[in-house]
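Asks: Need a 3D model of the sequence below.
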Amino acid sequence: MGRFSREKGKRGERAVAQLLRLNTGKDVRRRVRQTDGDSDLVGFGHWVVEVKFANLLRLDEWWRQAQAQTDDGLPVLIYKQSNARQPWRVRCRLTDVAIPSRLHVGVFEPELTVDMTMDDWLVAIGEWNPAD
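Replies: The predicted structure follows:
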């Protein structure tokens, strides 16, 4: 990976950390020394966050990476196409955000994923608490 790509990745991680701090009140930070298998961000509880900020979206590949680096936590992919004017999006497992009593047994796959805006995801997981 070239220097430009690494710098763009760092910018994306810092932007997501700032949005999470502003919208949750949690002390979310970019993990400075990352090794393979680490969450890109720290301070967001049991969520193992993978951030991607790229010109071309490779969602399936990135989702596999997010799942592979999760041991005990819940995988989440936060992504944005760098050349598009769209908000940050989130991919996670439906079972990690849905109310269990509303899930019909045998109707859906346990690994079914859902994509949504970051704000919608924060509401769904009960973390929406924007700073005034």
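Asks: okay, CA-based contacts and neighbour counts for the rest of this
Replies: Fine.
Asks: biggest helix in this structure by residues?
Replies: helix 3-24 (DSSP state H).
Asks: Report all helices and strands that that one contacts.
Replies: If contacts are counted by 3 or more CA pairs under 8 Å, 6 or more residues apart in numbering; DSSP states H and E, helix 3-24 sits against strand 29-30, strand 47-54.
Asks: Could you pull out the strands in the chain for me?
Replies: Taking DSSP state E, the strands of the chain run over residues 29-30, 41-42, 47-54, 74-81, 89-93, 113-117.
Asks: neighbouring strands for the third one, and are they parallel or not?
Replies: When sheet partners are counted by DSSP bridges, strand 47-54 sits next to strand 74-81 (parallel).
Asks: Report the backbone C-alpha coordinates of the partner strand in CSV.
Replies: Only the C-alpha atoms of strand 74-81 are listed here, as CSV (Å, rounded to 0.1, in the frame of the first residue of the first chain):
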residue,chain,number,x,y,z
LEU,A,74,-18.9,-7.6,17.2
PRO,A,75,-17.6,-6.9,13.7
VAL,A,76,-18.6,-3.6,12.0
LEU,A,77,-17.4,-2.1,8.8
ILE,A,78,-17.7,1.7,8.5
TYR,A,79,-17.0,2.9,4.9
LYS,A,80,-17.2,5.8,2.5
GLN,A,81,-16.4,6.2,-1.1
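Asks: That strand relative to strand 113-117, how many degrees between them?
Replies: 50 degrees (axes from the mean of the first three to the mean of the last three CA atoms, to 10 degrees).
Asks: report the angle between the axes of strand 74-81 and strand 89-93?
Replies: Going by the same axes, to 10 degrees, strand 74-81 makes 150 degrees with strand 89-93.
Asks: Let me see the residues that make contact with strand 74-81.
Replies: Outside strand 74-81, the residues that touch it by CA atoms under 8 Å, 6 or more residues apart in numbering are 16, 46-57, 62-63, 66-67, 69, 86-93, 96, 118.
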